[in-house]
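Q: give the three-dimensional model of this entry:
(chains A and B)
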There are 2 protein chains.
Amino acid sequence: MPQNRQFLLDSRPQGEASASNFKLVTGETPPLQDGQVLVRHHYLSLDPYMRGRMDDAKSYAKPQPLGQVMQGGTVGEVVESRAAGFKPGDKVVGMGGWQEYSVVDAAQPGALRKVDTSQVPLSYYLGAVGMPGVTAWYGLNGILKPKAGQTLVVSAAAGAVGSAFGVLARARGCRAVGIAGGAEKCDYVVRDLGFDACIDYKQHADAGSLSKALREACPDGVHGYFENVGGMVMDAVMLRMNDFGRIAVCGMIAGYNGKPVPMTYPQIILRSRLTVEGFIVSEHMEVWPQALQELAGLVAAGKLRPRESVAQGIESAPEAFLGLLKGRNFGKQLVKLV
Amino acid sequence: MPQNRQFLLDSRPQGEASASNFKLVTGETPPLQDGQVLVRHHYLSLDPYMRGRMDDAKSYAKPQPLGQVMQGGTVGEVVESRAAGFKPGDKVVGMGGWQEYSVVDAAQPGALRKVDTSQVPLSYYLGAVGMPGVTAWYGLNGILKPKAGQTLVVSAAAGAVGSAFGVLARARGCRAVGIAGGAEKCDYVVRDLGFDACIDYKQHADAGSLSKALREACPDGVHGYFENVGGMVMDAVMLRMNDFGRIAVCGMIAGYNGKPVPMTYPQIILRSRLTVEGFIVSEHMEVWPQALQELAGLVAAGKLRPRESVAQGIESAPEAFLGLLKGRNFGKQLVKLV
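A: Below is the predicted model of the structure:
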């Protein structure tokens, strides 16, 4: 059996996460049992939610256990199979974790899914045509429920979720306005993804200044907001929400790495009669088939052109993950193993 | 025509409101035109929402104009009528404002409504069987939508809205837990109103301490929260919300008198997949008849025994209002004029 390099969670962060929280080990993959498949991972997915699981705190998911392989999404190729329906060479998406190979019980629901790479590159199944894309789809259709002509704003617009959100919003006939960090990301959001506008939050020192820039980009106000970051960006968008506006809370990455970041103006929820709703995409499995089909269609049609930040080799995973938490990635953050 | 003492809004507050913002003047009531009714006010209603209207800021209601009579709910008796359907002696509820008499165009929708005082005292139509009662009803049934057996929490539980909320929640088969300031209010909430428990927030220095007390009062967690105050109390309840809990935001009185009070843990909205929704009862007129009927029934049956803080004479209105903003009232704050 092949040698398998793996990252374990070695310690829990005290505040900010660091590379020392992870430990690289090498093992052998165990021999296959009946019903199992050996997958060689081509890409690991790095996602902000992983930071929450590193803490031993109450959350929607159980904490990542210490001393075990970091959990996470993977795409790869079947190299050996003792399960019906899978054969060597099949391209698959699963939850293989931060390691080079995984042994999967193929009968476990949702553990392994074959994917078609003729029109959609394999790595996209971890991003635009995977969990982040479905997250955008659900926040848009399940929570914001916009009408054509309304204005929708998304933070972290150049990221895996934000980019899919904007393209889906445009396809619904909405005005899509992004918020991202830096001119390069904003250019990409407008030129490559077709957003109507994108604001560089790094050009603004506080929520008041960012809010003014939003006023120009959103002349009809903001009907719906898809929240990925929290903090100053959320404060600024709240100042621009229309009456009866809706906010889908998908992430608050600004507060993941240390102490919580407050919401400065909660009274706006009352004043503007907002609805603010948090959600987790894994609790809405019923929408995945429909969402993945639409997202794959947008990719095939050239309308959704996701960016990827690709780190090379398993050993690069911790630094790439820490960079993601600081917004250093540009688009979907991956680790390429093959 | 009778002499009419009136309070005008004389200046807008800089931060905290003060008695100097109001000005007492005396005028004569104008002669009645056809279709008009002269009402002598027996009680003025004082309500937290009035503070927001004193500012010249964006809000759901237009600001109270400077130099004009302070707006507000009133109950009283018709003393002269040139309108069909109203005769001297009729008891009526309306929006007469901070003055002893008002002249009302009776045909204007919602301007004047006759009420039956055989089972419900006249003043209750400003509280439990009026706008505050309907506010509680809508937050419960329109937003929180609880199932029997669930635990609901309300802040300012001894107040006009909170007391009605708890009695309505109990009538739905829910566990009702109040938060109020001081042992006397908490005793009233449990003994007279029938709440299952009430916590004195003044016994707690911070949200962590208050949250611990809530854990004991809410062994099954909190399914729904009716928010009247914001600030530390809101933070504490959010720490105890169950997954998929709902928060109806009716008021944030902690932040009315000066600078905004932040929400400390907005990430709980995501972690616990909460829905947080602001509302204004005047935008839900369709529920008023049903709500008022149920509330009057609970009063008539002796189940809803609202407390009142009654200030005497029009000249006491400003101080009573400022006290209300600081929680000095006990139950519905009124000014008695007759």
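Q: so which residues on the stretch 1-150 of chain A come close to chain B?
A: Neighbours of chain B within the stretch 1-150 of chain A, by CB under 8 Å from any CB of the partner chain: A:Gly52, A:Lys58, A:Ser59, A:Tyr60. For the C-beta atoms, the positions are set from N, CA and C on the backbone; glycine is no exception.
Q: phi first, then psi, for the last one.
A: Reported as degrees, to the nearest 10, the phi and psi values for A:Tyr60 are phi -70, psi -20.
Q: that one - nearest residue in space that isn't next to it in sequence?
A: A:Ile280 (5.3 Å; CB to CB, 6 or more residues apart in numbering or on different chains).
Q: whether stretch A:224-231 contacts chain B - can you check?
A: Yes: under the criterion of CB under 8 Å from any CB, stretch A:224-231 makes contact with chain B via A:Gly230.
Q: now do that stretch: distance to the chain's middle.
A: 13 Å (CA atoms, centre = their mean, to the nearest Å).
Q: give me the distance between the two termini of that stretch.
A: 17 Å (CA to CA, to the nearest Å).
Q: neighbours of the one residue in the stretch 51-200 of chain A that gets nearest to chain B, how many?
A: Scanning the stretch 51-200 of chain A for proximity to chain B using CB to the nearest CB identifies A:Ser59 as nearest, at 5.5 Å. Neighbours of A:Ser59 under the rule other CB atoms under 10 Å in any protein chain shown: 16.
Q: surely it meets A:Arg51?
A: No: in terms of CB atoms under 8 Å, A:Ser59 does not count as a neighbour of A:Arg51; the distance is 10.5 Å.
Q: circling back to that earlier point, B:Arg273 is in contact with the residue nearest to A:Tyr60, correct?
A: Yes: A:Ile280 is in contact with B:Arg273 according to CB under 8 Å; the separation is 6.2 Å.
Q: where does the prediction get shaky in chain A?
A: Within chain A, the segments meeting pLDDT under 70 span A:1.
Q: let me see the domain layout of it.
A: As recorded under automatic domain parsing, the domains making up chain A are A:3-127+A:307-336, A:131-282.
Q: looking at the ones you listed, which is closest to B:Met131?
A: Smallest distance to B:Met131 across the domains of chain A (CB to CB): 15.7 Å, for domain A:131-282.
Q: before we move on, back to that, if you compare the domains of chain A, which one is most tucked away?
A: domain A:131-282 (a mean of 22; mean count of other CB atoms under 10 Å in any protein chain shown).
Q: start and end of it, how far apart?
A: End-to-end distance for domain A:131-282, by CA to CA: 8 Å.
Q: show me where the stretch 51-200 of chain A has strands.
A: A:74-81, A:91-94, A:101-105, A:112-114, A:151-155, A:175-180, A:197-200 (DSSP state E, counting those that start in this stretch).
Q: does A:Arg307 touch A:Ala158 like I think?
A: Yes: shown here, A:Arg307 and A:Ala158 form a contact pair, counting by CB under 8 Å, at 6.6 Å.
Q: mutual contacts of the two, please.
A: Common neighbours of A:Arg307 and A:Ala158 are listed as A:Tyr188, A:Phe330, A:Gly331 (criterion: CB atoms under 8 Å, 6 or more residues apart in numbering or on different chains).
Q: now the common contact residues for A:Ile280 and B:Arg273.
A: With CB under 8 Å, 6+ apart as the test, A:Ile280 and B:Arg273 both reach A:Tyr60.
Q: angles on the backbone of the nearest residue to A:Leu304 once chain neighbours are set aside, please.
A: Distances taken as CB to CB, 6+ apart place A:Leu298 nearest to A:Leu304, at 3.9 Å, with adjacent residues excluded. The phi and psi values for A:Leu298, taken as degrees, to the nearest 10, are phi -70, psi -40.
Q: same thing with the one 4 residues further on?
A: In terms of degrees, to the nearest 10, the main-chain angles of A:Gly302 are phi 80, psi 10.
Q: OK, contacts around it?
A: Applying CB under 8 Å, 6+ apart, no residues contact A:Gly302.
Q: state the distance from it to A:Gly130.
A: Going from A:Gly302 to A:Gly130 by CB to CB, to the nearest Å gives 19 Å.
Q: circling back: what's the closest of the strands of the stretch 51-200 of chain A to B:Asp47?
A: Going by CB to CB, the one of the strands of the stretch 51-200 of chain A nearest B:Asp47 is strand A:151-155, 33.9 Å.
Q: just want the angle from the closest one to strand A:175-180.
A: On the basis of axes from the mean of the first three to the mean of the last three CA atoms, to 10 degrees, strand A:151-155 is oriented at 20 degrees to strand A:175-180.
Q: strand partners of strand A:151-155, parallel vs antiparallel please.
A: Strand pairing for strand A:151-155, determined by DSSP bridges: strand A:175-180 (parallel), strand A:222-227 (parallel).
Q: which residues sit against the last one?
A: Looking back up the chat, that one is strand A:222-227. By CB under 8 Å, 6+ apart, strand A:222-227 touches A:136, A:139-140, A:144-147, A:150-155, A:161-162, A:165, A:177, A:214, A:234, A:237-238, A:240-242, A:245-252.
Q: A:Leu24 against A:Gly313, yeah?
A: No: using CB under 8 Å, A:Leu24 is not in contact with A:Gly313, being 10.8 Å away.
Q: residues touching the residue of the stretch 51-200 of chain A closest to chain B, list them.
A: Here A:Ser59 is in contact with A:Gly52, A:Arg53, B:Arg271 (criterion: CB under 8 Å, 6+ apart).
Q: again, only using 7 Å
A: By CB atoms under 7 Å, 6 or more residues apart in numbering or on different chains, A:Ser59 lies in contact with A:Gly52, B:Arg271.
Q: and what of A:Val335?
A: A:Tyr43, A:Leu44, A:Leu46, A:Ala311, A:Ile314, A:Ser316, A:Ala317, A:Ala320.
Q: that one sits in which helix or strand?
A: strand A:332-336 (DSSP states H and E).
Q: pairing partners for that strand, with directions?
A: strand A:36-45 (antiparallel), strand A:308-312 (parallel).
Q: how about those in JSON lines, adding distance to B:Gly67?
A: Output for the strands paired with strand A:332-336, formatted as JSON lines (distance: least, CB to CB, whole Å):
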{"stretch": "strand A:36-45", "distance to B:Gly67": "63"}
{"stretch": "strand A:308-312", "distance to B:Gly67": "61"}
